[in-house]
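Participant: the amino acid sequence is not available; the structure is as follows:
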């Protein structure tokens, strides 16, 4: 998580220069920088998801992470991001905020599952 957050922080800090190397359009540069900032928060949930999903699957508790992923991917990552991004007019930034929300909610749910020990009742795969 430290490595991922450091990489995301570097992108957020130097995002203007990085994106500016590819375009001179200030609107695109500003949006890209905000995407990099939101990505920093998204990476917290993503690394938690990778850890929790992999450990739960390794213990034989594969269905629970799958169920949580399907529910939250379709309701938040797809549904809410569409609603926030297009009808509410927040565009790409609103959609990335919803992606970050999806990753972080799933991360919390799956980490709680791991900490609860319910995976101990599942057979090893």
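Facilitator: Received, thanks. Since this is a predicted model, take the numbers as computed values, not measurements.

Participant: what segments of this protein are helices?
Facilitator: 2-20, 26-58, 63-72, 81-85, 91-116 (DSSP state H).

Participant: what's in contact with stretch 32-44?
Facilitator: By CB atoms under 8 Å, 6 or more residues apart in numbering, the residues outside stretch 32-44 that reach it are 1, 4-5, 8-9, 11-12, 15-16, 19, 92-93, 96-97, 99-100, 103-104, 107. Any C-beta I mention is one placed from the backbone N, CA and C, and that applies to glycine too.

Participant: returning to what we had before: now distance to residue 122 and mean neighbour count too, for the helices of the chain, in CSV please.
Facilitator: As requested, these are exported to CSV (distance: least, CB to CB, whole Å; neighbours: other CB atoms under 10 Å):
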stretch, distance to residue 122, mean neighbour count
helix 2-20, 28, 15
helix 26-58, 8, 18
helix 63-72, 9, 15
helix 81-85, 32, 17
helix 91-116, 11, 19
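
Participant: a markdown table for these, including mean pLDDT?
Facilitator: Listed next are the helices of the chain as a markdown table, based on pLDDT from 0 to 100:
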| stretch | mean pLDDT |
| --- | --- |
| helix 2-20 | 94 |
| helix 26-58 | 94 |
| helix 63-72 | 95 |
| helix 81-85 | 97 |
| helix 91-116 | 95 |
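
Participant: distance check, the nearest residue to residue 20 once chain neighbours are set aside against residue 16.
Facilitator: Nearest residue to residue 20 in three dimensions, chain neighbours excluded: residue 29, at 5.6 Å (CB to CB, 6 or more residues apart in numbering). Residue 29 sits 6 Å away from residue 16, going by CB to CB, to the nearest Å.
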